[in-house]
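*Asks:* Predicted coordinates and the sequence they were generated for:
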Amino acid sequence: MTRQQHASHQPAQLKQQLKDSSIVVAPGVFDALGASLAEQAGFDTVYLSGASLAYTQLGRPDIGLLSITEICTAMSHIRERTNLSVVVDCDTGFGNAMNVMRSVRLLERSGANAIQLEDQTYPKRCGHLRGKTLVSKSEMVGKLHAALDARESDSTLIIGRTDALGVEGTDSAIERAQAYYEAGVDMLFIEGIRSDEDISKIMTQFKGNVPIMANMVEGGDTPLQNAQALEDLGFSLVIFPGALVRAITHMASRFFATLKQDGTTDAFRDQMLDFKQLNDYLGTQAMLELGEQYDNR
């Protein structure tokens with residue numbers, strides 16, 4: 001099976017996985033290297049995080065500064081490098097229903113397997129920041145219908161996210177999520193869950209009807225739980241969207257401090273790959289040999 005053929009089957013694979021009882025764990029990534037490392041570690045699904053893209057590509061917070069072009073570029077690089085299933089954070093869809101349709105088409109053609117859309121106003125902000133505002137329920141339902149109509153394949157999943165819990169309360173969030181479910185989304189994401197009581201209400205309403213997604217943010221509003229505990233509660237997918245960036249930022253800060261102090265990387269060598277190790281991981285020699293097959297033909 002070619003890479004292209006394999007990739008085309010990935011959406012159906014993710015759709016089937018979500019029907020199983022085992023939870024899907026999707027680490028957050030922001031580029032092809034991170035995605036390939038996740039694949040090497042044994043993950044079959046990753047989450048292309050808008051927040052992580054803002055943090056790393058712009059060096060800025062998650063407050064609606066990204067464009068669809070930047071997300072599509074990252075998605076296409078990940079698809080070229082890996083055969084992972086990729087859940088993509090599409091923020092608000094970057095405008096009204098027409099913008100949503102364009103965003104869905106672009107991401108699907110870039111290789112996305114699932115596309116998440118949220119009901120914040122634009123520009124949005126991270127779901128764990130205060131001061132969020134929402135579009136009306138009816139407007140969001142229309143945007144979700146537009147997303148569903150725009151996708152080329154029914155196996156490309158559309159995820160409806162509501163940020164209402166932190167703005168209007170749990171009951172309003174469930175009411176909005178019910179409307180999004182009735183619109184036909186493939187999965188629900190109720191952001192900013194704060195308590196076991198929230199989880200109980202959500203699962204009473206939706207468990208067994210539609211997959212529910214959990215979001216684990218270190219230091220965020222939702223208490224951290226491991227994948228098995230979330231599976232036992234009824235969640236089908238859990239994302240760790242910004243964890244990799246937080247780990248890299250912590251490590252990089254120590255690296256730069258060491259280099260500044262010592263004027264050399266020697267003290268950090270045991271925490272680094274050397275030149276050969278990195279090239280071995282990247283498959284440099286194999287790629288050079290492949291290129292040589294086409295020389296002088």
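*Replies:* Sure thing, it's come through.
*Asks:* how about the helices in the stretch 101-250 of the chain?
*Replies:* Ranges of helices in the stretch 101-250 of the chain, per DSSP state H, counting those that start in this stretch, are 137-150, 165-168, 170-183, 196-206, 227-233, 243-262.
*Asks:* Present the ones you listed as CSV; the columns should include distance to Ser67, mean pLDDT and mean neighbour count.
*Replies:* Heads up, the C-betas are built off the backbone N, CA and C, glycines and all. What follows is those, written out as CSV (distance: least, Cβ to Cβ, whole Å; pLDDT from 0 to 100; neighbours: other Cβ atoms under 10 Å):
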stretch, distance to Ser67, mean pLDDT, mean neighbour count
helix 137-150, 18, 98, 19
helix 165-168, 25, 91, 19
helix 170-183, 25, 97, 19
helix 196-206, 32, 95, 15
helix 227-233, 32, 96, 16
helix 243-262, 19, 97, 13
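*Asks:* Between these, which one is closest to Gly59.
*Replies:* helix 243-262 (10.6 Å; Cβ to Cβ).
*Asks:* quick one: buried residues of the next helix or strand after that closest one?
*Replies:* With elements assigned by DSSP states H and E, the helix or strand that comes after helix 243-262 is helix 275-282. Buried residues in helix 275-282, counted by 16 or more other Cβ atoms under 10 Å: none are found.
*Asks:* Find the centremost residue of the protein, please.
*Replies:* Nearest to the mean C-alpha position of the chain, counting by Cα atoms, centre = their mean, stands Tyr47 at 2.6 Å.
*Asks:* my read is it is in a strand, agree?
*Replies:* Yes - under DSSP: H, G, I helix; E, B strand; the rest coil, Tyr47 falls within a strand.
*Asks:* What residues does it make contact with?
*Replies:* Tyr47 makes contact with Ala26, Pro27, Gly28, Val29, Val86, Val87, Val88, Asp89, Ile239, Phe240, Pro241, according to Cβ atoms under 8 Å, 6 or more residues apart in numbering.
*Asks:* if you look at these, which of them are in strands?
*Replies:* Within the contacts of Tyr47, residues falling in strands by DSSP state E are Ala26, Pro27, Gly28, Val29, Val86, Val87, Val88, Asp89, Ile239, Phe240.
*Asks:* Among the residues you listed, which pair sits farthest apart?
*Replies:* Maximum distance among the ones in strands among the contacts of Tyr47 (Cβ to Cβ): 15.5 Å, for Val88 and Phe240.
*Asks:* Many thanks, have a good one.
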